[in-house]
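K.L.:
3D, please:
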Amino acid sequence: MGYAEENRQAAILNFLRQEKKASVADLSQMFEASEATIRRDLTKLENKGHLVKTYGGALLSTSTQFEFSYNERLLKNVREKKRIGALAARMVKSGLSIFLDSGTTALQIAMNLKHLQDLTVITNAVPIVQELAASAGIRLYLLGGCYRPKSQDLVGPILVKNLAQFSVDIAFLSVDGFHVQHGLSASDLSEAEVVQAALAHFGRVDILLNLAGGFGGGKPVSDSPADDLNKMLDLNLRTAYNLSQAAVKPMIAEQWGRI
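P.N.:
Model (predicted):
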């Protein structure tokens, strides 16, 4: 029995999540569809950022991590997220105003800010508000918008308008990847809109690159010229990237110290 297109594509993704790769021939036999149909499915899934087409098949894209719930993502790469959270928090001083998005790495940054005084934190993430609610020295703003229970954040046009009311010293954003020509990429459209709004209203920002992302490749959802960015940290914490003049130039992050 054949599959409807939407169900077949969902089943292909589920298979790739388990096997990480698949051939067109195997998928064709498995889902009782022609190889031409499977190739069209793979093209559509690639355009959505779910997979990467290869010769004769496809590989699961690591950017599909956005499909997991917030609590599921909390359990992924915990050690690395804690380390980058502690490192990034060193950039934040009392008296500053910062933006933290709804990435789980941003929550790790928040966990390292509780001792600061006269700090303003603007966020669209409910877990960050819960984490910092008892910190007397921190002024919290939770941006309004459409609440998403699975990701425990607020998004949408109302949030974009609210974001425009604030200015910050540092903005920490979670993205899925960076390409020198195409800029930032985000797999989830709603999260991409938050990134776009933050870049538009805050100007130069500090970007956190999720472990699931990478440099180069991918289909950008949110574009930003490299000149708009200040620094990008990857989760291995060994390198900072100077993104000036549309070039990615590795340099040791001496200002934060070696890990």
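
K.L.:
in stretch 51-59, what's buried?
P.N.:
Taking 16 or more other CB atoms under 10 Å as the basis for neighbour counts, the residues of stretch 51-59 that come out buried are Leu51, Val52, Gly57, Ala58. Bear in mind the C-beta positions are built from the backbone N, C-alpha and C, glycine included.

K.L.:
Let me know the closest of these to Leu87.
P.N.:
Val52 (29.8 Å; CB to CB).

K.L.:
Name the residues linked to the closest one by a beta bridge.
P.N.:
With DSSP bridges applied, the residues forming beta bridges to Val52 are Leu59.

K.L.:
Make sure it is actually in contact with Leu59.
P.N.:
Yes. Between Val52 and Leu59 a contact is recorded at 4.8 Å, counting by CB atoms under 8 Å.

K.L.:
ok so, going back, export the buried residues of stretch 51-59 to JSON lines and append columns for pLDDT and distance to Tyr141.
P.N.:
Conversion of the buried residues of stretch 51-59 to JSON lines gives the following (pLDDT from 0 to 100; distance: CB to CB, whole Å):
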{"residue": "Leu51", "pLDDT": "83", "distance to Tyr141": "38"}
{"residue": "Val52", "pLDDT": "85", "distance to Tyr141": "38"}
{"residue": "Gly57", "pLDDT": "91", "distance to Tyr141": "47"}
{"residue": "Ala58", "pLDDT": "90", "distance to Tyr141": "42"}
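
K.L.:
and of those, the nearest to Ser151?
P.N.:
Proximity of the buried residues of stretch 51-59 to Ser151 (CB to CB) peaks at Leu51, which lies at 21.3 Å.

K.L.:
Surely that closest one and Leu60 touch.
P.N.:
Yes. Leu51 is within contact range of Leu60, at 5.7 Å (criterion: CB under 8 Å).

K.L.:
Now do the shared contacts for those two.
P.N.:
Common contact partners of Leu51 and Leu60 (CB atoms under 8 Å, 6 or more residues apart in numbering): Leu13, Leu16.

K.L.:
how far does stretch 136-151 stretch from start to finish?
P.N.:
Distances were taken as CA to CA, to the nearest Å; on that basis the terminal residues of stretch 136-151 are 27 Å apart.
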